[in-house]
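Colleague: Below is the sequence, then the predicted model.
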Amino acid sequence: MTEERAKRKLRAILSADAVGYSRLMQEDEASTIRAIEDSKRLMSELIGQFKGRVVDAPGDNLLAEFASVVDATECAVKIQKELKIKSAELPDNRQLKFRIGVNLFYRKVVIAGSLDLTLIFDILSDHLVGHVPRCGRKVTASPQMPTPKLLR
């Protein structure tokens, strides 16, 4: 009788979204779309340099996976520095700034029938994994549990 084996992996997840995206779109849609695409291109290049991979990038969001939380954190710092330099010549109300969070994610990969990472990241982004409310509890989610579970 063969036993289904699973291995466990730690992954760092970088999540970025544009601050004030709706306001910027309302003021100047064409320029905002160009700025978002340019910023995502820069972020994608840096993510690759730090041994990560972009999982999804809808709208004003970008989601990436790293094998190392150190690489993800260093990448996030580099992204913020580069984006600040890039937007320095723009007026304050047109500067595109990104909120970036890095979360450590522990997942089980089933060898016979691997989990789809996109599904996992969709669940994570939908439930704001890593958000720590004032009560000090951490919100988390897993593929087996589509709604967040509060950990004490």
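Modeller: Looks like it arrived, so ask away. Numbers count the residues shown, from 1 in each chain.
Colleague: Which strands and helices lie in contact with the longest helix seen in the chain?
Modeller: Ranked by number of residues, the top helix in the chain under DSSP state H is helix 29-49. Judged by 3 or more CB pairs under 8 Å, 6 or more residues apart in numbering; DSSP states H and E, helix 29-49 is in contact with strand 6-19, helix 21-27, strand 52-56, strand 61-66, helix 69-87. C-betas here are computed from N, CA, C, even on glycine.
Colleague: Just give the closest residue to Thr73, not the sequence neighbours.
Modeller: Val102 (5.3 Å; CB to CB, 6 or more residues apart in numbering).
Colleague: Output the helices and strands packed on helix 29-49 in a markdown table; the columns should cover distance to Glu45.
Modeller: As requested, those are arranged in a markdown table below (distance: least, CB to CB, whole Å):
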| stretch | distance to Glu45 |
| --- | --- |
| strand 6-19 | 14 |
| helix 21-27 | 21 |
| strand 52-56 | 10 |
| strand 61-66 | 12 |
| helix 69-87 | 9 |
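Colleague: quick one, which of the ones you listed is packed in tightest?
Modeller: strand 61-66 (a mean of 22; mean count of other CB atoms under 10 Å).
Colleague: Can you name every helix or strand that that strand contacts?
Modeller: Against strand 61-66 (3+ CB pairs under 8 Å, 6+ apart) you get strand 6-19, helix 29-49, strand 52-56, helix 69-87, helix 117-126.
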